[in-house]
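In: Kindly return the folded structure for what I paste below:
(2 chains)
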Amino acid sequence: MTSNDPPHARAPGRRARSVRRSARHWRATALFIGPTLVALAVVAVLPTLWAIFSSLFEWHFHRPHARAFIGLGNYVRLAGDARFLNAAWNTAIYTAVSVGATMVFGTLLALLTRAPFPGKSVVRALLTVPMIMTPVVSTLVWKTFFFEADLGLVNWVLGLAGIRGPAWVASSPSAMATILLVNVWFMTPFVYLVMDAALEGLPDEVVDAAKIDGAAYWQRVRFVILPMLRATIVFTVIFRITIDARMFEIIHVMTGGGPARDTEVLTLWVYNAALRNFHLGYGNAGGVALMVLVGTACLAIMLVGLRDMYGRTGAR
Amino acid sequence: MNRRLRRWPREALRLLVIAAAVFVALLPLLWVVLASFKPAADVSQLPPRLIFSPTLGNYRTVLDAGFAAFFRNSVGITLAAVALSVGLGVPAAYGFSRLRVPAARVLLLFVLSIRFVPYIVFAVPLFVIMVRLQLVGTHVGLIVVYLLINLPLVVWLMKSFFDDIPTDIDDAAAVDGANRLQSFLYVVLPSAAAGVACVTILSFIFTWNEYLLALVLSGRAAQTLPVVLTRFLGGMEDPVRWGLLSASSVAVLAPVVAATLLVHRYVRAGFGGNAT
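Out: This is a model prediction of the structure:
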């Protein structure tokens, strides 16, 4: 982050006009930044506050006049709601597996493509394709062409090997495995791009596999390269957690939360509670709980992962 | 040379793994493009027909299903949303980079924190508010709401691009008598053209692909393509449906895939350098 001083503020000979200048400066600041802040206040702050406010009420969309203040009553109810706890558990599993897998695959890919090879820039461009493909479309393609029970490619290939594949999307636990697979396919390129750029910032002799033989290379990855990239890794993990914890489209399109709520994550729970059953207060309480859980997880990871980000401080 | 000869099996293995990764990454795209040109009866055939006489029949079915209107819908909403986000966000990023903004760090952190909130938390209140304002199902409603997704990205990415431009050129412009606005428009902004391209493409991709907010807020009249597509899910035992799904999928994917591959450099700059 750079200094926020305007470039001329400390220039000599300009102080005399500082009053008039500062009025003009305020106007400029308001002009440049004001619209964005107002827009975000309207589309982001207002809804968030309203979500928190409404979560304190028994509030049904179609009976707005019958709403009643119940304090933390909705949250108390959440803690004993088996369907909500099931969704929270599913979100935790989904996020943990997906973040872990994408971090490993993305980092490995970045390490593999670090040393030059013919067509490297083309490969890098092609590897980003899953991430920019419309998630609804790629999920539909995976669901129909690949994981359809009778007409899908996967079960056909398994059939050639004499294996009778499951009804992937419609049975448990394969439904969770299927959405995880699509999510890992979707998000590995993101980790790859970030780690690839971070590796590029390290000197060749540290990173390139060509120098020494295999075992020494993995030692170097473990004890030199990864520690050097720790800040990047911590921020990427945090970013990935927030993306997976709010994932909606892959699951909504692939399973709709089924079978028997085995893949109903918190985002789907809130969607169902607030926008299908129209229990606004209760649904929003779940949304606020999700927000708090994600925030807490990210903060914890930041504190542990970057515990020495301040370097040495006075007291020893 | 000797050393390289000894190492070739490992190098071959490395290239093989990379090739496999590229294959897996591209498989769904290649498969659906291939399927979209198959005769409708062949689309869901197993074993898959890799040799067939290509036809545009599926695309004709898609056009007959009234797809063009939804495509225009999506294009209009996306272009307007991107223009609005870039138009608001780029000056704001300049302000944060160059002007003395009170509590700048707090404000920047606030802008960033919006990216970390699950969108469903925004979606429910926005639905209720927009029902009151009768904005559900309007283009304007969705366009404004997409600021939520794009503005934080535009502000943070553009700020990092502006930060990289030395303030000497601002000073030079000031000496020449340019005011703040002129200095921004004619001196600093042209130097940050690559950044503007980068945020434009990224917000285009995110808006075009967005599903949750569109599903909740677009009603019937403003449905965007991802919402429309899920309608083709029903009745998948009918081969015509498979053809319909594949051709419309390709139509939806074409703009984002083309944009990304054409200007991959900028996309990479956005994700690799500054997105986290």
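In: hey, let's count contacts and neighbours off CA atoms from now on
Out: Will do.
In: Chain B contacts on the stretch 151-300 of chain A?
Out: A:151, A:153, A:156, A:185, A:190, A:193-198, A:235-236, A:239, A:242-243, A:245-246, A:248-249, A:253, A:267, A:270-271, A:274-275, A:280, A:284, A:287-288, A:290-291 (CA under 8 Å from any CA of the partner chain).
In: Show me these that map onto helices.
Out: Judged by DSSP state H, the subset of these located in helices is A:153, A:156, A:185, A:190, A:193-198, A:235-236, A:239, A:242-243, A:245, A:249, A:253, A:267, A:270, A:280, A:284, A:287-288, A:290-291.
In: now the residues of the stretch 151-300 of chain A next to chain B: which count as buried?
Out: A:151, A:153, A:156, A:185, A:190, A:193-198, A:235-236, A:239, A:242-243, A:245-246, A:248-249, A:253, A:267, A:270-271, A:274-275, A:280, A:284, A:287-288, A:290-291 (16 or more other CA atoms under 10 Å in any protein chain shown).
In: so where is the stretch 1-150 of chain A shaky, pLDDT-wise?
Out: Low-confidence segments of the stretch 1-150 of chain A (pLDDT under 70): A:1-21.
In: What residues does the stretch 51-200 of chain B have near chain A?
Out: So the stretch 51-200 of chain B meets chain A at B:88-89, B:91-101, B:104, B:111, B:114, B:116-122, B:124-126, B:144-145, B:147-148, B:151, B:163, B:167, B:170-171, B:180 (CA under 8 Å from any CA).
In: how does the chain divide into domains?
Out: Looking at chain A here, since you left the chain open. A:18-69, A:73-305 (automatic domain parsing).
In: hm, I was asking about chain B
Out: Taken from automatic domain parsing, chain B resolves into B:2-36, B:66-274.
In: what's the burial count for residue 187?
Out: Assuming you mean chain A. 24 (other CA atoms under 10 Å in any protein chain shown).
In: Please refer instead to chain B.
Out: 16.
In: any idea how far it lies from B:V90?
Out: 14 Å (CA to CA, to the nearest Å).
In: which residues in the stretch 101-250 of chain B form helices?
Out: B:104-113, B:119-132, B:139-145, B:147-163, B:168-175, B:180-182, B:189-191, B:193-209, B:212-217, B:225-229, B:239-262 (DSSP state H, counting those that start in this stretch).
In: Please identify the most buried of the domains of chain A.
Out: Comparing the domains of chain A by mean neighbour count (mean count of other CA atoms under 10 Å in any protein chain shown), domain A:73-305 ranks first with a mean of 19.
In: Name the surrounding residues that touch stretch A:138-146.
Out: The contact list for stretch A:138-146 (CA atoms under 8 Å, 6 or more residues apart in numbering or on different chains) reads A:130, A:151-155, A:169, A:182, A:250, A:253-254, B:28-29, B:32, B:44, B:230, B:233, B:246.
In: one more time with 6 Å, if that's ok
Out: Stretch A:138-146 has contacts (CA atoms under 6 Å, 6 or more residues apart in numbering or on different chains) with A:G152, A:L153, A:V154, A:I250.
In: now stretch B:25-32
Out: A:P130, B:S246.
In: in that stretch, what's buried?
Out: Quick answer for stretch B:25-32 (16+ other CA under 10 Å): B:A25, B:L26, B:P28, B:L29, B:V32.
In: worst-scoring helix or strand of chain B, pLDDT-wise?
Out: Least confident element among the helices and strands of chain B, by mean pLDDT, DSSP states H and E: helix B:264-268 (a mean of 72).
In: Extract the C-alpha trace of it and format it as PDB.
Out: The C-alpha coordinates for helix B:264-268 follow below in PDB (Å, rounded to 0.1, in the frame of the first residue of the first chain):
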ATOM      1  CA  HIS B 264      -4.900 -14.400 -21.500                       C
ATOM      2  CA  ARG B 265      -2.000 -12.200 -20.500                       C
ATOM      3  CA  TYR B 266      -4.500  -9.800 -18.700                       C
ATOM      4  CA  VAL B 267      -6.400 -12.600 -17.100                       C
ATOM      5  CA  ARG B 268      -3.200 -14.000 -15.700                       C
END
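In: Return the nearest residue of the stretch 1-150 of chain B with respect to chain A.
Out: B:A92 (4.3 Å; CA to the nearest CA).
In: Mean confidence (pLDDT) on whatever helix or strand A:E205 lives in, please.
Out: Assigned by DSSP states H and E, A:E205 falls within helix A:204-207. Mean per-residue pLDDT for helix A:204-207: 74.
In: That helix packs against which elements?
Out: With contacts taken as 3 or more CA pairs under 6 Å, 6 or more residues apart in numbering or on different chains; DSSP states H and E, helix A:204-207 sits against no other helix or strand.
In: next structured bit after it?
Out: helix A:214-220.
In: Distance from that next one to the middle of the chain?
Out: Distance, stretch centre to chain centre, for helix A:214-220: 31 Å (CA atoms, centre = their mean, to the nearest Å).
In: Start and end of stretch A:131-149, how far apart?
Out: 26 Å.
In: Repeat that for stretch A:146-165.
Out: First residue to last in stretch A:146-165 (CA to CA) measures 12 Å.
In: How about stretch A:269-281?
Out: 13 Å.
In: now that stretch, how far from the chain's geometric center?
Out: 23 Å.
In: what kind of secondary structure is A:G165 in?
Out: coil (DSSP: H, G, I helix; E, B strand; the rest coil).
In: Equivalent analysis for A:A115, please.
Out: coil.
In: Could you pull up phi and psi at it?
Out: The phi/psi pair for A:A115 (degrees, to the nearest 10) reads phi -70, psi 140.
In: quick one: it from B:I18, how far?
Out: A:A115 is 12 Å from B:I18, by CA to CA.
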